[in-house]
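Engineer: Based on what follows, work out the 3D shape:
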Amino acid sequence: MWMAELSSRTGLTVPTIKFYLREGLIPAGEATGATRARYDDTHVRRLRLIRALTEVAGLRLETVRQVLEDIDSATTWHDAVGSAHTRLSPEAPDATEASLARVQELLKRNGWTLAKTSRHRGTLARALDVLDGLGHRADDELLDSYANAMAESAEVEISHLPKD
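Structural biologist: Below is the predicted model of the structure:
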């Protein structure tokens, strides 16, 4: 497809697409002449991802660049998604050792693994601290209920992913 169709299919203006090309956020198209190139569905998907990261997630282009680099260098889909999630998550605030231990037990009970340095671990632990401070302690039964609901949601979501 030509640049105009790429613009139409992604909802991005031609100048924006050219800017992303110059910045190296998307690969160059297949040159067909001195000033023309053809683009394909990989360009459409990449531009839609960039658009989602900037417009929906509100990321700055430098962070988008880091997410794209992480995705491009990942050896598995799991690694690519994990890296993107890390970049999309804010730095974990300080949490108490007690709440971090509760998060670890929650992970263990559910057979889940999460890097010790994961921002998600610290964010959940800090949320538990805040709830405790408000007098609304989330006990293990409640946490397990949330975990079960998320596991069901994840199974449904994964079943909708392309098999390849």
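Engineer: Residue 74 touches residue 86, doesn't it?
Structural biologist: No: between residue 74 and residue 86 there is no contact under CB atoms under 8 Å: 11.7 Å. For glycine as for every other residue, the C-beta is placed from the backbone atoms N, C-alpha and C.
Engineer: Common neighbours of those two, please.
Structural biologist: Common contact partners of residue 74 and residue 86 (CB atoms under 8 Å, 6 or more residues apart in numbering): none.
Engineer: Just the helices from this structure, written as ranges.
Structural biologist: 3-10, 14-22, 41-51, 61-73, 77-88, 97-110, 119-133, 140-159 (DSSP state H).
Engineer: For burial, what's the neighbour tally of residue 158?
Structural biologist: For residue 158, the count of nearby residues is 8 (other CB atoms under 10 Å).
Engineer: hey, which helix or strand in the protein has the poorest pLDDT?
Structural biologist: helix 77-88 (a mean of 78; mean pLDDT, DSSP states H and E).
Engineer: who does that helix touch, helix- and strand-wise?
Structural biologist: helix 61-73 (3 or more CB pairs under 8 Å, 6 or more residues apart in numbering; DSSP states H and E).
Engineer: how much space is there between residue 70 and residue 37?
Structural biologist: Separation of residue 70 from residue 37 (CB to CB, to the nearest Å) stands at 26 Å.
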